[in-house]
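here you go, sequence then predicted model.
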Amino acid sequence: MSEALSEPRRIVIIGAGPAGVGAAMGARAQDAAAEITLLSEENCEPYEKPPLSKAVLTGKAAAHDAPIAGPKGIAGHGVTIRHNTRVSTIDRGPRAVVASTGERIPYDALVLATGARNRLLPMFPLGQPGIYYLRNHEEAVALKAHLDRAESVVVIGGGLIGLEVAASAAELGRKVTVIEVAPRILNRVADEETSAFVHARHVEHGVDIRLGASIAKRDGHSLVLASGERIEADLFVVGIGAVPDDALAAAAGLDVKEGIIVDEQCRTSDPAIFAAGDATRFPGPHGPVRLENWRHAQEQGDVAGRNAAGASVAYGSAPSFWSEQYDLYIQGVGWQLAQPARRARRARENGAPLNFELDSNHLTYALGINAQRDMSAIRRLIERKIPVDPADLVDPAKPLAGLLKPKA
Ligand SMILES: Cc1cc2nc3c(=O)[nH]c(=O)nc-3n(C[C@H](O)[C@H](O)[C@H](O)COP(=O)(O)OP(=O)(O)OC[C@H]3O[C@@H](n4cnc5c(N)ncnc54)[C@H](O)[C@@H]3O)c2cc1C
């Protein structure tokens, strides 16, 4: 891409989640003169998704209370947002995207921030009465309206979003059953101790969690488990994960493999096209990886936007996620390995887990509950690759922030 542009650089971004908004802001910070256009298939100011399964369902906040770009909105940052604009094709030769209305929008650099779609369970078809999936504002509003008048709900999937919905429904006083096919909840993201701790808190709130349970069939408002047991509910919420929304990229002939393949500068196989967020697969320190969390989307979006505007910066933040369920703030930082070389546990006064994974004497991943203060030191230990003595990590008398200074 030429750096000596006589006309303002036209940067087009598809998708207005945190990756798309991060890209727009990053591009603006890099190039004050660029024409930046954010294409959103929704009809509203870009909003944060994390509250949808928490404060929005419990009625403590509305979906639009948390605009991603802050109170000025994205237009206040010199970005043109086009609502109700779903892109159907990328015409890579002449560098234009085509909206579903047929309108062509030309670009010099394009950023794909199309996110992820809900993984669907065929027995629970999207759009049928009493069946809910949760990914956007419209789905959250519909689910909340039904929850407000329901007595019972079955949540299918004991992952982060399913459990957040279960916690919100329990807080509203609903009878909640969670169906999880794995032998424990949070199987994918948490160690056994953390799973058990969160499980116990749900049980305290009256949630009935069925582990190792598979669904044989659904019959209107009831489902039948493989064990033969029938469970009735006013509504069902399916939270069984997400799949990257990479169809547009694949149709345009970009390299795609369960996610849009990008390099460390967020470039796709076409040097004029960048991608960021849930939709991508990118080079992590232990091989290509795909993440689904807010911080990754926002930070990778920023890097993609800067590079689309002419910079050459690499994306290298340690990933992190959080989840809020009742009074539990669950936080993970770092790179989770299938087989970590070593595990360690720090005893804490509040009894909540704070567990570590190490690769020889480097911290690679940590998962804690209500450990926000320690997590910022942990993030720095991981990102700066500071060697740690496992004995110091597990010693509650040694503040983790003290480990940031190399030993004399
Ligand atoms: C209910 C819920 C709760 C969550 N809670 C947490 C949490 O507590 N902590 C955490 O770390 N993460 C959480 N996440 C995950 C986090 O929100 C996502 O990782 C993040 O939103 C991904 O950002 P993204 O920009 O890549 O994609 P998205 O936010 O999915 O945005 C992609 C956007 O692109 C649009 N789009 C797609 N295709 C097109 C097209 N062809 N044309 C135009 N627009 C298009 C979509 O409509 C969508 O708005 C949560 C997610 C959900 C759904």
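Sure, I can see it.

which parts of this protein sit against the ligand?
Within the chain, the positions adjacent to the ligand are 14-20, 39-42, 49-50, 52-53, 86-87, 113-116, 134-135, 161, 245, 248, 277-279, 292-295, 297, 321-323 by Cβ under 6 Å from any ligand atom. C-beta coordinates here come from the backbone N, C-alpha and C atoms, glycine included.

so of the residues you listed, which ones are in strands?
If you go by DSSP state E, these have I14, L39, V87, A116, F321, W322, S323 in strands.

in helices, which of the residues of the chain next to the ligand appear?
Secondary structure from DSSP state H places P18, A19, G20, I161, L248, W294, R295, A297 of these in helices.

how about the fourth one: what's its closest non-neighbour residue?
When you say that, I think you mean I161. G239 (4.4 Å; Cβ to Cβ, 6 or more residues apart in numbering).

quick check: closest non-adjacent residue to the residue nearest the centre of the chain.
Centroid-nearest residue in the chain: N293, 2.6 Å away (criterion: Cα atoms, centre = their mean). Leaving aside its sequence neighbours, N293 sits nearest to F321 (Cβ to Cβ, 6+ apart; 3.9 Å).

got it, and A75?
Distance criterion Cβ to Cβ, 6+ apart; nearest residue to A75, sequence neighbours excluded, is I81 at 6.0 Å.

that neighbour bridge partners, please.
I81 forms beta bridges with L38, as assigned by DSSP bridges.

okay, domains of this structure per the record?
The chain breaks down by automatic domain parsing into domains covering 10-117+243-308, 120-238, 327-404.

so the residue nearest to A75 touches I74, yeah?
Yes - using Cβ atoms under 8 Å, I81 is in contact with I74, at 5.2 Å.

what is in contact with these two at once?
Residues touching both I81 and I74 (Cβ atoms under 8 Å, 6 or more residues apart in numbering) are A16, L38, E45, P46.

does S227 touch A213 like I think?
Yes - counting by Cβ under 8 Å, A213 is a contact partner of S227 at 7.3 Å.

comparing those two, which shows the higher neighbour count?
Ranked by neighbour count (other Cβ atoms under 10 Å), S227 and A213 place A213 first, with 20 against 10.

returning to that earlier point: would you list the ones in strands among the residues of the chain next to the ligand in a markdown table and tack on pLDDT and neighbour count?
As requested, these are exported to a markdown table (pLDDT from 0 to 100; neighbours: other Cβ atoms under 10 Å):
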| residue | pLDDT | neighbour count |
| --- | --- | --- |
| I14 | 98 | 31 |
| L39 | 98 | 23 |
| V87 | 98 | 21 |
| A116 | 98 | 20 |
| F321 | 95 | 18 |
| W322 | 97 | 16 |
| S323 | 97 | 24 |
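
ranges for the strands of the stretch 201-350 of the chain?
Here the stretch 201-350 of the chain has its strands, by DSSP state E, counting those that start in this stretch, at 208-210, 215-219, 222-225, 230-232, 235-238, 242-244, 260-261, 273-275, 280-284, 287-289, 320-325, 328-334, 342-345.

please identify the most buried of those.
strand 273-275 (a mean of 30; mean count of other Cβ atoms under 10 Å).

so which elements touch it?
Under the contact definition 3 or more Cβ pairs under 8 Å, 6 or more residues apart in numbering; DSSP states H and E, strand 273-275 sits against strand 109-112, helix 294-308.

looking at the ones you listed, which one is packed in the most?
Mean neighbours per residue, mean count of other Cβ under 10 Å, is largest over the helices and strands packed on strand 273-275 for strand 109-112, with a mean of 30.

report pLDDT for the residue nearest to I161.
G239 carries a pLDDT value of 98.

now do the contacts for it.
Contacts of G239 (Cβ under 8 Å, 6+ apart): Y133, L134, V155, I156, G157, G159, I161, G162, V165.

quick check: the farthest pair among those?
Distance extremes for the contacts of G239: the farthest pair is Y133 and G159 at 13.1 Å, using Cβ to Cβ.
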